[in-house]
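**Q** from the sequence below, what's the structure:
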Amino acid sequence: MLHLCSNLHFSIKTWSFLSMLFILAFFTTLNYYQHSRPTSLFYFNSFITSATNYTLATYLRHLTLHPHLAGTAPSLHTALYVKSHFQSLNLQTHVANYSVLLSYPLFSSVIIHFPNGSVLSLGLVEPGFSSSGVVKPYHAYSPSGSAYGEPCFLNYGREKDYIALGASGVKVKGCVGIVRRGGGLSRNEMVEKAAARGVKAVLMFTEGEFENGVERGTVMNGLGDPLSPGWGGVENGEKLRMDDPLVMQRFPSIHSLPISMKSAEIILKSLEGPEMPYEWRKSMRCSTSGRLGPGPIMINFTYQGEKKMATVHNVFAVIRGSQEPDRFVLLGNHRDAWTYGAVDPNSGTAALLDIARRYALLMRLGWNPRRTIILCSWDAEEFGMIGSTEWVEQNLINLGSKSVAYLNVDCAVQGPGFFPSTTPQFDNLLTEITKKINDPDSEGKTLYERWTAADRGIKIQRLSGVDSDFAPFLHHAGVPSVDLYYGRDFPVYHTAFDSYNWMVNFGDPFFQRHVAVTGVWGLLALRLADDPILPFNYLPYAAELQDYTRILSKLLEGRNISLHPITAATQELAATAKETLDEAKKLKVDKVTDERTALKRRILNDRLMFAERGFLDAEGLQGRPWFKHMVYGPRNDGESELYFFPGIANAISKSSGGEEQNAAIQHEIWRGARAIQRAAHALKGRFICDTIFVCGRLEKL
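**A** Next comes the predicted model:
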């Protein structure tokens, strides 16, 4: 009995001791969860290990059950699905609605009249989708009307293509132009170049594996709602009239329609006339007669569409920052699709939903970001980045003063290979992040290892195009931006075949590429939202500008034009970038947490954040004033090989070598130089003068 009591006494003491250890461990762990920063190894790893390909597949399956063209009821249902997902994670959720002008088809036909009197009506609906709810192939904002004329093959519809046609004796005026997609031109540029040469109408086809697929798209010029250019298209807000010149200039002057490669082959095989240039013929994937036309067949073309007001819905989830709630890191993807949109854009939407799920998990573990994170689900991107543009225009002041970065993913997965595009201050951070992510197509390798091996070194594209929702953030608001893709192209782009079945059979059968893109996207945001010092490095920016200057120097050799203003400004930016990097390194190792040090970090972060705004010019690009970025932006001539300094590129494309044209180029060089200098001054925190009056005395800033 004594022995039993002794054992019982020992057990109670042991239990009490173990209980105390457990309680201590619990509160220590809880304290760790509550006070550890998200960039700590624990949160970093928690985000990575919480990925599941099954979850991503489930999201994508639900998103692609029905076609969901912007402005339609299924599109609204998709918006509500995203909204309910955010709310189910207890994330602060908002919806911003805009009343905008969209465009839909009513009727279309293309009838071929052969010389023997026979007639053939081309099938304009993809086989198997006539009663599926998929919108008939069309070009949004194409004017309605009819055309009757001989067809003529225009290749890509570039300036040099029309020169080649002229050299072959082909007269395109009065013809129906047959154009293949590509050559660096947008749909709008293809149609307008044809209109300038008297072409009556344009039939546009895409070469690819799916010969029956038809590539839908917009032919509107510019971004955003055409009725509210420069301001948010809110309900009951100002709207321009449809016949306003500012509105009319956004739409093409002739009709156009997309057709399948199979339909294009029927026309191209029937052409006679001069022989096709060898360079055109050898690059074509579709069958042709090898002739350019025009004729001898005739085309009777009719398109009837309607432009009407519709409500579009942007959905947001907000994770409020704990220390800098007025600094925003934005992650965005558009939700609307021409058809089912498994690749474009809902592979990216699935990734956005999964990031929300994983961030919510981190929050349950006690994490809160230093800065505010905003997850953005955009609407009506396919019509011309309308949802994101309206929101940027409405919130321009707040975005300009508070946005750290915008991270965009459109088509998260198109196929194999990692293809990032960024403004250059992200280069080092992006490279570092890819070393943490497993490559989805190589066992035992990181994404970085596979990426650098494929590209023979790091290859990061820049953001001069206007092909996704980063455009209003970077080109109009000057927010540092990233755009991520896995895979370069895919054969079902904007067709009815862009479905969940295509994804699981071809694009990403095991959804591991989805996991990789989601990992890079989410970790980039974690670092930007929570590093005490923003992980921006402007040395790559300066190096990139130096490369651009060398290219311009060769291009302008022998002309009375000086690049010294840009060279000097870039040198100033490089020196400032080096000083800023050294300053950041010192503040990173400084563990002092007093208010003075916190203020130093805040001031440095503001300089790192605002430097990109310096590249904006209030007047914008010549002829396209909405685009204000002097380093990255669209060129007026899409055929220019320069993907930087759009103002300079535009001036060069107009130049014939005369003194007046040289002066125009020199002016754009000065504008670019001043933009670089503004960025350098913002990064340095420098004012026009270095002294101020304090209590009646002149003192150094």
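
**Q** can you pull the contacts of Gly217?
**A** For Gly217, the contact set (CB atoms under 8 Å, 6 or more residues apart in numbering) comprises 139-140, 187, 258, 338, 382, 494. Any C-beta I mention is one placed from the backbone N, CA and C, and that applies to glycine too.

**Q** let me know the pLDDT of it.
**A** As summarised for this prediction, Gly217 has a pLDDT of 98.

**Q** please pick the buried ones from the contacts of Gly217.
**A** Among the contacts of Gly217, those that count as buried by neighbour count (16 or more other CB atoms under 10 Å) are 139-140, 187, 258, 338, 382, 494.

**Q** just checking, which of the residues you listed belong to strands?
**A** Where those overlap with strands, as defined by DSSP state E, the overlap consists of 139-140, 258.

**Q** nearest to Gly558 among those?
**A** The shortest separation between Gly558 and any of those is 42.8 Å, and it belongs to His139 (by CB to CB).

**Q** contacting residues for that closest one?
**A** Contact partners of His139, counting by CB under 8 Å, 6+ apart, are 187, 191, 204, 216-219, 256-258.

**Q** out of those, list just those in helices.
**A** If you go by DSSP state H, the contacts of His139 have 187, 191 in helices.

**Q** picking that back up, just give me the closest of the buried ones among the contacts of Gly217 to Thr518.
**A** Thr518 lies nearest to Glu382 out of these, by CB to CB, at 22.5 Å.

**Q** quick revisit: got the contacts of His139 as JSON lines, with distance to Arg462 columns?
**A** Conversion of the contacts of His139 to JSON lines gives the following (distance: CB to CB, whole Å):
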{"residue": "Arg187", "distance to Arg462": "22"}
{"residue": "Val191", "distance to Arg462": "27"}
{"residue": "Met204", "distance to Arg462": "27"}
{"residue": "Arg216", "distance to Arg462": "27"}
{"residue": "Gly217", "distance to Arg462": "23"}
{"residue": "Thr218", "distance to Arg462": "23"}
{"residue": "Val219", "distance to Arg462": "25"}
{"residue": "Ser256", "distance to Arg462": "30"}
{"residue": "Leu257", "distance to Arg462": "33"}
{"residue": "Pro258", "distance to Arg462": "29"}
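
**Q** and which of the contacts of His139 is nearest to His564?
**A** Of the contacts of His139, the one sitting nearest to His564 (CB to CB) turns out to be Arg187, at 39.6 Å.

**Q** and the closest residue to that closest one other than its chain neighbours, how close does it get to Leu106?
**A** The spatial neighbour of Arg187 that comes closest, neighbours along the chain excluded (CB to CB, 6 or more residues apart in numbering), is Val219 at 4.7 Å. Taking CB to CB, to the nearest Å as the measure, Val219 and Leu106 are separated by 16 Å.

**Q** the two: which is more packed in?
**A** Just comparing Val219 and Leu106: by other CB atoms under 10 Å the higher neighbour count belongs to Val219, 29 against 11.

**Q** low-confidence ranges in the stretch 451-600 of the chain?
**A** Counting by pLDDT under 70, the stretch 451-600 of the chain contains no low-confidence residues.

**Q** which residues in the stretch 301-450 of the chain form helices?
**A** Listed in chain order, the helices of the stretch 301-450 of the chain (DSSP state H, counting those that start in this stretch) span residues 346-364, 386-394, 396-402, 427-434, 447-455.

**Q** highest mean neighbour count out of those helices?
**A** helix 386-394 (a mean of 27; mean count of other CB atoms under 10 Å).

**Q** and that helix, how far from the chain's centre?
**A** 14 Å (CA atoms, centre = their mean, to the nearest Å).

**Q** now do it, average pLDDT.
**A** Model confidence over helix 386-394 averages 98 on the pLDDT scale.

**Q** OK, contacts around the residue positioned nearest the centre of the chain?
**A** Per CA atoms, centre = their mean, the C-alpha nearest to the average position across the chain is that of Ser468, at 3.1 Å. The neighbourhood of Ser468, defined by CB under 8 Å, 6+ apart, consists of 334, 381, 385, 408, 410, 483.

**Q** neighbours around the nearest residue to Pro625 once chain neighbours are set aside, how many?
**A** Beyond its immediate neighbours in the sequence, the residue positioned closest to Pro625 (CB to CB, 6+ apart) is Glu619, lying 6.3 Å away. Counted with other CB under 10 Å, the burial measure for Glu619 works out to 10 neighbours.

**Q** surely the residue nearest to Arg187 meets Ala140?
**A** Yes. Val219 sits in contact with Ala140 when judged by CB atoms under 8 Å, with a separation of 6.8 Å.

**Q** for stretch 54-64, list the C-alpha coordinates in CSV.
**A** Coordinates of the C-alpha atoms in stretch 54-64 are reproduced here as CSV (Å, rounded to 0.1, in the frame of the first residue of the first chain):
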residue,chain,number,x,y,z
TYR,A,54,-6.2,18.9,-55.9
THR,A,55,-7.5,22.2,-54.5
LEU,A,56,-6.4,24.1,-57.6
ALA,A,57,-8.0,21.6,-59.9
THR,A,58,-11.3,21.8,-57.9
TYR,A,59,-11.3,25.6,-58.2
LEU,A,60,-10.6,25.5,-61.9
ARG,A,61,-13.3,22.8,-62.5
HIS,A,62,-15.9,25.0,-60.8
LEU,A,63,-14.9,28.2,-62.6
THR,A,64,-15.1,26.5,-66.1
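
**Q** tell me how far that stretch is from the chain's mean position?
**A** Going by CA atoms, centre = their mean, the spacing between the C-alpha centre of stretch 54-64 and its chain's C-alpha centre is 22 Å.

**Q** what does it contact?
**A** Contacts of stretch 54-64 with the rest of the structure, by CB under 8 Å, 6+ apart, involve 78, 81, 335, 340-342, 346-347, 349-351, 353-354, 357, 499-500, 503-504, 511, 514-515, 518.

**Q** what about 7 Å?
**A** When contacts are defined by CB atoms under 7 Å, 6 or more residues apart in numbering, stretch 54-64 is touched by residues 78, 81, 340-342, 346-347, 349-351, 353-354, 357, 499-500, 503, 511, 514-515, 518.

**Q** and stretch 244-253, by the same measure?
**A** So stretch 244-253 is contacted by 141-143, 188, 191-192, 195, 219-222, 226-227, 229, 240 (CB under 7 Å, 6+ apart).

**Q** can you do 10 Å?
**A** 101, 103, 139-143, 187-192, 194-196, 202, 219-230, 239-242, 307, 384 (CB atoms under 10 Å, 6 or more residues apart in numbering).

**Q** got it, and stretch 83-93?
**A** Under the criterion CB under 10 Å, 6+ apart, residues 59, 62, 82, 94-95, 313, 315-320, 349, 352-354, 356-361, 363-364, 372-375, 377 lie in contact with stretch 83-93.

**Q** can I get it in CSV, CA atoms only?
**A** Below are the C-alpha coordinates for stretch 83-93, written out as CSV (Å, rounded to 0.1, in the frame of the first residue of the first chain):
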residue,chain,number,x,y,z
LYS,A,83,-16.9,36.6,-53.5
SER,A,84,-18.3,33.7,-51.5
HIS,A,85,-14.9,32.0,-51.4
PHE,A,86,-13.2,35.1,-49.9
GLN,A,87,-16.0,35.4,-47.4
SER,A,88,-15.8,31.8,-46.4
LEU,A,89,-12.2,32.4,-45.4
ASN,A,90,-13.3,35.3,-43.2
LEU,A,91,-11.5,37.8,-45.4
GLN,A,92,-12.7,41.3,-45.6
THR,A,93,-14.5,41.3,-49.0
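
**Q** buried set for that stretch?
**A** Burial within stretch 83-93, assessed by neighbour count using 16+ other CB under 10 Å, is assigned to 83, 85-86, 89, 91, 93.

**Q** from the chain's centroid, how far away is it?
**A** From the chain centre to the centre of stretch 83-93 is a distance of 25 Å (CA atoms, centre = their mean).

**Q** next: stretch 448-461.
**A** Between the centre of stretch 448-461 and the centre of its chain there are 20 Å (CA atoms, centre = their mean).

**Q** for stretch 290-301, same thing?
**A** Mean C-alpha position of stretch 290-301 versus that of the full chain (CA atoms, centre = their mean) differs by 38 Å.

**Q** so how far is the first residue of it from its last?
**A** Start-to-end span of stretch 290-301 (CA to CA, to the nearest Å) is 23 Å.
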